[in-house]
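> What follows is a predicted structure for the sequence shown.
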Amino acid sequence: MVILGKSSQRMARFLKNRQNTLGKSPGTLTFIGRKKMEQPRFRLISYANNSFTDEEYSSYQQVIEAIDPSRVCWINIDGIHDPDVVAGICNYAGVSPLTQEDIVNTDRRPKVTEEKDSLVVILKVLSFNKDRKNIASDQITFILAQNLLITFQEKVGDYFNPIRERLEQNIGKLRSSSADYLLYRLIDAMADNYLITIGILGEMIEKNEDLLLKKTNPQFIRDIYFYKTEISFLRKIIRPAKEVSKILKNSDTNLIANSTQPYLDHLDDLLTYALETVETYYAMTSDQLTIYNTNINNRSNEVMKVLTIYASIFIPLTFIVGVYGTNFDFVPEYHFRYGYYAMWAGMLILSFAMLIYFRRKKWL
Amino acid sequence: MVILGKSSQRMARFLKNRQNTLGKSPGTLTFIGRKKMEQPRFRLISYANNSFTDEEYSSYQQVIEAIDPSRVCWINIDGIHDPDVVAGICNYAGVSPLTQEDIVNTDRRPKVTEEKDSLVVILKVLSFNKDRKNIASDQITFILAQNLLITFQEKVGDYFNPIRERLEQNIGKLRSSSADYLLYRLIDAMADNYLITIGILGEMIEKNEDLLLKKTNPQFIRDIYFYKTEISFLRKIIRPAKEVSKILKNSDTNLIANSTQPYLDHLDDLLTYALETVETYYAMTSDQLTIYNTNINNRSNEVMKVLTIYASIFIPLTFIVGVYGTNFDFVPEYHFRYGYYAMWAGMLILSFAMLIYFRRKKWL
Amino acid sequence: MVILGKSSQRMARFLKNRQNTLGKSPGTLTFIGRKKMEQPRFRLISYANNSFTDEEYSSYQQVIEAIDPSRVCWINIDGIHDPDVVAGICNYAGVSPLTQEDIVNTDRRPKVTEEKDSLVVILKVLSFNKDRKNIASDQITFILAQNLLITFQEKVGDYFNPIRERLEQNIGKLRSSSADYLLYRLIDAMADNYLITIGILGEMIEKNEDLLLKKTNPQFIRDIYFYKTEISFLRKIIRPAKEVSKILKNSDTNLIANSTQPYLDHLDDLLTYALETVETYYAMTSDQLTIYNTNINNRSNEVMKVLTIYASIFIPLTFIVGVYGTNFDFVPEYHFRYGYYAMWAGMLILSFAMLIYFRRKKWL
Amino acid sequence: MVILGKSSQRMARFLKNRQNTLGKSPGTLTFIGRKKMEQPRFRLISYANNSFTDEEYSSYQQVIEAIDPSRVCWINIDGIHDPDVVAGICNYAGVSPLTQEDIVNTDRRPKVTEEKDSLVVILKVLSFNKDRKNIASDQITFILAQNLLITFQEKVGDYFNPIRERLEQNIGKLRSSSADYLLYRLIDAMADNYLITIGILGEMIEKNEDLLLKKTNPQFIRDIYFYKTEISFLRKIIRPAKEVSKILKNSDTNLIANSTQPYLDHLDDLLTYALETVETYYAMTSDQLTIYNTNINNRSNEVMKVLTIYASIFIPLTFIVGVYGTNFDFVPEYHFRYGYYAMWAGMLILSFAMLIYFRRKKWL
Amino acid sequence: MVILGKSSQRMARFLKNRQNTLGKSPGTLTFIGRKKMEQPRFRLISYANNSFTDEEYSSYQQVIEAIDPSRVCWINIDGIHDPDVVAGICNYAGVSPLTQEDIVNTDRRPKVTEEKDSLVVILKVLSFNKDRKNIASDQITFILAQNLLITFQEKVGDYFNPIRERLEQNIGKLRSSSADYLLYRLIDAMADNYLITIGILGEMIEKNEDLLLKKTNPQFIRDIYFYKTEISFLRKIIRPAKEVSKILKNSDTNLIANSTQPYLDHLDDLLTYALETVETYYAMTSDQLTIYNTNINNRSNEVMKVLTIYASIFIPLTFIVGVYGTNFDFVPEYHFRYGYYAMWAGMLILSFAMLIYFRRKKWL
């Protein structure tokens, strides 16, 4: 059922080609990754306790102009391949060029950077293609400033839709809270995204054990290699995300209100749990592989015993009948009255002796 | 003897389905897990040095009303699938909504949370079904407040019965102590529960070694996979419980009296011991698997030697008798007076040569 | 040579049955373990610079009465299965009930507890049964108080005899030192006991390598499993003992004189060395197992080559002679003058071709 | 495609021959390594905001004379096998003899040393020979002093060309910054060098998985050993480089301006990422090897089943026809009218029985 | 080429027999180890800026008398089996009895002890017997006091000769420095000794890879086990030596001048490098073993395929010719005009069918 993605696709997973950034200044914005959409899209949601607006814009200048500092504003940009757009937005939010470089370079570790007036959190979000059975990651950047949250996504995604809907319908305490709480809610949505992805993969791994003790099938081997690689990929994404949550939790920036602190603890717990579960599944795939190997060895042993028993019984018998197939002129047994029956009797006795021998050896 | 639980059941063990909480506010109480009983049950035990009452109630409002702040009260609620009940009780005890969410979500790490006026400890209790040979976990929550201990259980359990009986019969220093000592005694009962579960599993693993060097049997493989998975499960439960005990031990909350401190040290020792024993058993199953594999390889080698010796001796002999079974008109040996006996002599010499050869190779 | 102990005996090693302590108060003295002697024995040795007495008593009350606070007194009790005795002695020395519980419970981690006026050290001592080739542990408790050292042993042992003799004969500085130096000397004797046990086991493991490259023998597998299990057992005993020595070394209790400090450093070094050696031997058994496996694979490969060469050469030959054993009316070769010799020639050529083929393949 | 380098070449990788430094004073400059060029080359680049000079010199005295302390000077020396040259330059920059020894000894760990007036950073740069498929390392030393950066390379390399060009063409903020920023840019170029090398190797490893489940081929084994060794080599180079970047980042030397600090953080992130990727690839090669092994076992099992089925069916049949090939005078079956057909019938029945048996065993 | 040392010799490596020290006082000097020379030898080198004397003495009293406190004196004693000698020298240098015990006990971890007026460093030196291919260790003790360095060696060694010669010929800054610099130089010589030993072993291990993919040979297995054991031995020696260098580096004793500090940093780097290289080689031997195993499996698979193809083709053919070798009275085929040729035709068709089948299976 699982078809291994072509290596050209997987190749991009563990390290992306970076030859085109060589020698460039740090802070030079060069998009690294696969361009996933044509035109960046800008969306500004602004809200206060009793009002909510949600509008799309076609250029970053427009969206910046539309910011109302008296309300909480959330700007979402889909598409990061245009350095001008990223630079324009980031400069507005006071993000340094070095950090801007991290935003457009999708081949970096998730990280958190404290700028002078803003906090930049870069994470990866996972998506699982049920048809191609392949986990992919997209980079998502959060810039938290005073009353402002900016999110950059590589392509249009639906991870944040539930939260946008809750904002619109004024459910929960989102509207009455400041931008840092919105940030927490969005990161929490990504932690959920991790757990769901682990869950889907984990379900496949746990189901795998049904194949484990069945007959030797190459399908199992292909699957288990796939699972091991995917889990390594997950671990490489989630481990630094855990570090990010720990840094956020211990950060003393005044962009994060004290009231948001318990939520960050909560987030940290969630990611610890995610990481532990990933480790458990990784160990589980290794165990399954060992068990499978043991099982094959066991079966090979059984097969060889069958062969050996057959061969050991019949090879001597075939030899005996061969002896009496010879055409010598003088073979006295040929002329015995019961020579033929004596041969049968001898062969039966020999067979029984062999059977007893194998039974003693506990092969039967 | 061991029958692997169906994967649908085990699937729920390492990560539960959480798709139905997506986007909900933190603090929204959504029960995650399998509903294990119909109707929550409320029990209030209150005691002082020389009095003891034990009553059941049908609603949480009744039980809250019945609390007598001048005595130590222990409320036990069986069944956490009704969010209203949990919220009602927790609000009375001053537990924040975020922590309430943890209480009804059975797919979380064991943890300890210090609230303003209370201390919330969430742990898992293990139960071992001797028939189905499967370890299951239930979540148990302890809320410690001034003169009050609240426990939430997923279903009716008997873990706390011995302590309830000691309270009723006024054995030991339970009645003369405050609620924190009761908390310690209940957690200690859970540590005992862990050790007993480890003990049962450990006994099965240690017995397993009798099968280890016996003949190759698929039963062993099935069992060892089962043990490895169960031990992983135990480790995932006990490791955070150990962290909980360490946090409790180092906590400076004034809900825990100084006199209870040595007991918490004691508890921490117990859980360290449990964790070390789990690790020892995990390593032991891996060692058993390796030994078993080595043993199979050894046996396959033996089987193959038997086959090779048989084949190597009889195949040439069969060839020779075949030669003298040919029907050529002119085969001089056919007409030798002792041709037949010469053939036998040749074959005997050849066999002895082969036997000597194999003996030299140390295969015999 | 090694006979695996019955699993019922080994079962007791990694975790003892604790079902009979369930729900009991902490501090309730319930002996856990195997009762190893009938009647506890009391021995009081008291000494000063120039005097030494050594007497046995039949009850703990007598021995307490006999204590002379102006001299250093060493009370040794063999047998801890009678809670009254342990409680009586411990209460005299001011040991809390919780620690008393640890003394009679032989299924606990080695530990050190600082009580108000005393220091309690619980360790395990190892004994190696050369006949049954099985390592067993006994718990030994040391209680250090002002001018007083109390030792509890599970059964009569001879670990302390050399030190008792040196005391009696006034060799070294034992008599002129205080009780803490005696404590050090006794613990040092136990560290020596660990090193000797490791040494005996290690000698067996190092000798094992002679079997390693010999022919495949199941004896090796049985032994190596035994060694791995025993070394795990040692590690589980010695690791916490190392922790104990570190705590002792860093302790600031005034029961331990400054002059004793260098000896504790020394002790800590010794236990570090013991632990490192145990780890080295554990890795060594794993390496031996891997090497042995590789060796078996190598031999199986050799065996299979022999079989394949024999079969590949003789099976075609047997086929050929079979062809000329057929009884068709019209087989022209039968009537050739040199048909028989031509067949032989053909077969010889074929055999040589095969031999050259196998030589090219480097199988010969 | 991959040809393992001759061992004499690889031998030099993990530890170089150091027998010729025995007993020499520390600080005695003895070149250790392979001499990679004939004549050292000296190049002095000096720049200020609006000027840039780039000249080659033939002796180190000349280049020292040419230094203009009012401008930022960058001296690059290619070739470190002449101790006089290294000593001459280093003495000018105030580098102690002990550190000079490290510069000419190419068999040392990358490190950073703070001298009184300078900072010495020693790193390795990797080069990947696509033809010989072999990763080699060259040592590069950076000496940072006031307004001066000196770089020593083992041979002429092109790692720094992009930066030299940017300096010349006055791109970015290089010219307007002090020497420490130039140092950062050069080290950053080396980090890029690491990532590119990992990338090339990683691509080969990820492509390897296409071979993984194909038929058993010795090519795979040769490649995977090669990859494992190369990755170990990378790890041995990159791990201490990561330590260097951490020391630089936390250093409080005033040779590094505060404005350069964020760049060093950035560098540290990059190297952490490089190291994590190396670890991921190392684990990946191990997983591939295990999967490959499992696959071989699986195939061997299949092969053996085919053999066993063939042999088990035909060996008894051959025996039967052998029986009726015997030449006894009295074999009653010979004279039955349908004896021959009865034999065929019996053999067909036997064959079907065997086929059903193997199907029941799930071998077919 | 490598012949495994007899186990009796290796046995002494990981733990020496210590049964003869049981119960003795700490500080009782009991030599533990193999006596490696008959008579201790005493040598006193004393030097100042412009003078140098080097003399041998026959007793320790003489050498002590000959010490000139106004010059730097270096006493070397070869042979530590005579406790009187060690005690006499150590008492002069103010070394405590407990440390003296460590000096004569060659079965201890390398360590550093700060005494009141002296610093005692105990290390192991390695020697590699190229003939017996066995690494052995000797203990070397350094006692640093004011203007005095004492070295104890188990037997006459040449590790320090280069330094003695430099002293005599007044090369470098040895003569103008104090005793602590001499100590550094001697320890540095030992670090070089480690690196050379690692280098020799490493060369053998790296050469081993040439055998790796050659035909299955038991030689490889024997060698690799030998290398693994030797590397474990190295690690056990070098790891604590690394600890010693770290303690020396961080020590604040005033026996070590500030000017010696950079040299100790240097030493620490060197030992870190040594330890990392040992770890790399250890991992390399494990990788080689795994690769070798995979290779054997691969070859076994190939061998089995050859066997199976031969057998599967010829066994049916042999059966067919057997059928036509039967002696039934009525076999119609016997009398067909082209019966014999029809049989051949059938067999050829069958063979081709089999070949196509195996080609489809990719076995050919």
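Sure thing, it's come through.

> How about the stretch 251-364 of chain A: which residue is closest to chain E?
Proximity of the stretch 251-364 of chain A to chain E (Cβ to the nearest Cβ) peaks at residue A:325, 6.7 Å away. (Glycine included, C-beta is placed from N, CA and C.)

> I'd assumed that residue was in a strand, is it?
No - read with DSSP: H, G, I helix; E, B strand; the rest coil, residue A:325 is coil and lies in no strand.

> any idea how far it lies from residue D:323?
To residue D:323, residue A:325 is 9 Å away according to Cβ to Cβ, to the nearest Å.

> Between these two, which is the more surrounded one?
For residue A:325 and residue D:323, the more surrounded residue by other Cβ atoms under 10 Å in any protein chain shown is residue A:325, and the numbers stand at 26 against 23.

> Hmm, residue D:326 and the more buried one touching each other?
Yes - under the criterion of Cβ atoms under 8 Å, residue A:325 makes contact with residue D:326 at 5.4 Å.

> residues near residue A:106, how many?
Residue A:106 has 22 neighbours, counted by other Cβ under 10 Å.

> just checking, next helix/strand downstream of the helix or strand of chain A with the lowest mean pLDDT?
Here the helix or strand of chain A ranked lowest by mean pLDDT, DSSP states H and E is helix A:7-14, holding a mean of 46. Sequence-wise, the next helix or strand downstream of helix A:7-14 (DSSP states H and E) is strand A:41-48.

> list the buried ones in that following strand?
A:41, A:42, A:43, A:44, A:45, A:46, A:47 (16 or more other Cβ atoms under 10 Å in any protein chain shown).

> what does it rub up against?
Residues outside strand A:41-48 that contact it (Cβ atoms under 8 Å, 6 or more residues apart in numbering or on different chains) are A:52-60, A:62-63, A:66-68, A:70-79, A:156, A:164, A:167, A:174-175.

> List the contacts of the residue in the stretch 251-364 of chain A positioned nearest to chain C.
Evaluated by Cβ to the nearest Cβ, the stretch 251-364 of chain A has residue A:325 as its residue closest to chain C, separated by 6.7 Å. Neighbouring residues of residue A:325 by Cβ under 8 Å, 6+ apart: B:321, B:322, B:325, C:325, D:322, D:325, D:326, D:327, E:325.

> where does chain A dip in pLDDT?
Residues of chain A that meet the criterion pLDDT under 70 lie in A:1-25, A:27, A:129-133, A:215-216.

> show me where it has helices.
Secondary structure of chain A, counting by DSSP state H: helices at A:7-14, A:60-65, A:83-93, A:97-104, A:161-168, A:179-212, A:218-250, A:261-323, A:339-360.

> Could you save the ones you listed as CSV and add columns showing distance to residue D:208?
Putting these into CSV (distance: least, Cβ to Cβ, whole Å) gives the following:
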stretch, distance to residue D:208
helix A:7-14, 8
helix A:60-65, 44
helix A:83-93, 35
helix A:97-104, 31
helix A:161-168, 40
helix A:179-212, 23
helix A:218-250, 12
helix A:261-323, 18
helix A:339-360, 44
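
> Nearest to chain B, out of these?
Closest among those, using Cβ to the nearest Cβ: helix A:161-168, at 2.4 Å.

> Which residues of the stretch 151-300 of chain A lie near chain C?
Counting by Cβ under 8 Å from any Cβ of the partner chain, no position of the stretch 151-300 of chain A is adjacent to chain C.

> contacting residues around residue A:256?
A:119, A:144, A:180, A:248, A:264.

> Would you map out the domains in chain A?
Listed by automatic domain parsing, the domain ranges of chain A are A:7-294, A:299-360.

> Format those as TSV; extra columns: distance to residue C:140.
Output for the domains of chain A, formatted as TSV (distance: least, Cβ to Cβ, whole Å):
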stretch	distance to residue C:140
domain A:7-294	38
domain A:299-360	48
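
> Can you narrow the contacts of strand A:41-48 down to the ones near chain E?
Of these, not one also sits near chain E (Cβ under 8 Å from any Cβ).

> Take the residues you listed and keep only those in strands.
A:52-57, A:72-78 (DSSP state E).

> any chance of those in TSV, with distance to chain B and neighbour count too?
Shown next, in TSV, are the ones in strands among the contacts of strand A:41-48 (distance: Cβ to the nearest Cβ, whole Å; neighbours: other Cβ atoms under 10 Å in any protein chain shown):
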residue	distance to chain B	neighbour count
A:52	16	16
A:53	21	14
A:54	16	13
A:55	22	12
A:56	21	11
A:57	25	17
A:72	16	25
A:73	21	22
A:74	15	22
A:75	20	24
A:76	16	22
A:77	21	21
A:78	19	18
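
> any idea which of those is closest to chain D?
Closest to chain D, out of all of the ones in strands among the contacts of strand A:41-48 and judged by Cβ to the nearest Cβ, is residue A:77, at 23.0 Å.

> How about residue A:263: what's its closest non-neighbour residue?
Spatial nearest neighbour of residue A:263, chain neighbours left out: residue A:184 (4.7 Å); criterion: Cβ to Cβ, 6 or more residues apart in numbering or on different chains.

> doesn't residue A:264 make contact with that neighbour?
Yes - with contact taken as Cβ under 8 Å, residue A:184 and residue A:264 are classed as touching, separated by 6.5 Å.

> contacting residues around the residue nearest to residue A:263?
With contacts defined as Cβ under 8 Å, 6+ apart, the neighbours of residue A:184 are A:260, A:263, A:264, A:267.

> Neighbour-wise, which one of the residues you listed leads?
Within these, most neighbours by other Cβ under 10 Å means residue A:267, with 24 neighbours.

> Name the nearest residue to that one, sequence neighbours excluded.
Per Cβ to Cβ, 6+ apart, closest to residue A:267 is residue A:245, 5.1 Å.

> What separation do you get for the one you found and residue A:123?
Per Cβ to Cβ, residue A:245 is found 10 Å from residue A:123.

> which neighbours do these two share?
Contact criterion Cβ under 8 Å, 6+ apart; residues shared by residue A:245 and residue A:123: residue A:187.

> Next up, the contacts around the spatially closest residue to residue A:343 that is not a sequence neighbour.
Excluding its sequence neighbours, the residue lying closest to residue A:343 (Cβ to Cβ, 6+ apart) is residue A:324, at 6.1 Å. Residue A:324 is in contact with A:331, A:333, A:334, A:339, A:343, D:326, D:327, D:328, counting by Cβ under 8 Å, 6+ apart.

> Next: residue A:177.
A:259, A:260.

> Quick one: end-to-end distance for stretch A:90-109.
End-to-end distance of stretch A:90-109 (Cα to Cα, to the nearest Å): 19 Å.

> Need the contact partners of stretch A:283-296.
By Cβ under 8 Å, 6+ apart, stretch A:283-296 touches A:205-206, A:208-209, A:212-213, A:216, A:220-221, A:224, A:227-228, A:231, B:14, B:218, B:221, B:224-225, B:228-229, B:232, B:289, B:292-293, B:296, D:290-291, D:293-294, D:297-298, D:301.

> Filter those residues down to the buried ones.
In terms of neighbour count (16+ other Cβ under 10 Å), the buried residues within the contacts of stretch A:283-296 are A:205-206, A:208-209, A:212-213, A:216, A:220-221, A:224, A:227-228, A:231, B:14, B:221, B:224-225, B:228-229, B:232, B:289, B:292-293, B:296, D:290-291, D:293-294, D:297-298, D:301.

> Show me what from chain A comes close to chain E.
Contact residues (Cβ under 8 Å from any Cβ) of chain A with chain E: residue A:325.

> go again using 10 Å as the cut-off
The interface of chain A toward chain E, taken as Cβ under 10 Å from any Cβ of the partner chain, is made up of A:318, A:321, A:322, A:325.

> For the first one, which non-adjacent residue is closest in space?
By the measure of Cβ to Cβ, 6+ apart, the closest residue to residue A:318 outside its immediate chain neighbours is residue D:319, 4.8 Å from it.
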